[in-house]
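>>> need the 3D shape of this:
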Amino acid sequence: MPPLFLRMISSLNKWDRENTYPWLAQGDIPADPITDLKTSNNRLSVFQVNDGDEVRINKVVAGLAATKQKLNPVAYILFDVELPSRLGIQVEKKNGNTGLEIVNDWHFELIELSAQNLILLTRHLLLNTDPDRKMEHEVAPLIMENVRARELDPNEMDERLRKDIAKFYKQDIEILFGHRD
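The predicted model follows:
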């Protein structure tokens, strides 16, 4: 299973290659996908997973979803870990910031990104990857699995997110809102 990077995106619609834009010049790409590759300090956050390793992908999805205010679908793209270096982009291992320590260990950043690098990356991802998504009813069990395993502390999650999850797991209200031993 070759290693891949996972990047969370806001929606599949921005990454739909079937969308046509009559005003777009031949060979150009729409601007909307670039907004999903929002940088901070010219860095882009990604997580390393393995192709076909749903367990690891699900852990990353749970970790990312647990940082949000509400339970929403989690859309993401997967791409070859070698792609950044082929595009002249440097990669740095850096601890992530999710509620799951193991997921934080899988975090990397694409660093010293220029606008041109970001456009090249976006173009390649748009033309060569197929985004995927986990819906709310898939994300809630992923989060709860990690809460039950005591790998994710529900008290660190936004109360609105816990309420959304509780709609799926009424029997686990105590775990989500009560005290844990």
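>>> drop to CA atoms for contacts and neighbour counts, all remaining ones
Noted.
>>> quick one, grab the pLDDT at I175.
At I175 the predicted local distance difference test score is 66.
>>> for the chain, what spans make up the helices?
Under the criterion DSSP state H, the chain contains helices at 32-35, 54-65, 83-86, 101-105, 115-128, 136-148, 159-166, 173-177.
>>> which one of these lies nearest to W23?
For the helices of the chain, the distance to W23 is smallest for helix 32-35, at 14.3 Å, taking C-alpha to C-alpha.
>>> what packs against the closest one?
helix 115-128 (3 or more C-alpha pairs under 8 Å, 6 or more residues apart in numbering; DSSP states H and E).
>>> ok, and what's touching the helix it packs on?
Residues outside helix 115-128 that contact it (C-alpha atoms under 8 Å, 6 or more residues apart in numbering) are 15-17, 29, 33-34, 37, 77, 79, 84, 87-89.
>>> redo the residues you listed as TSV? Include neighbour count and distance to D164.
TSV is the format used below for the contacts of helix 115-128 (neighbours: other C-alpha atoms under 10 Å; distance: C-alpha to C-alpha, whole Å):
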residue	neighbour count	distance to D164
W15	23	27
D16	14	28
R17	14	32
I29	18	36
P33	22	28
I34	20	30
L37	19	27
I77	20	25
F79	21	31
P84	19	36
L87	13	40
G88	12	42
I89	18	38
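>>> perfect, that will be all.
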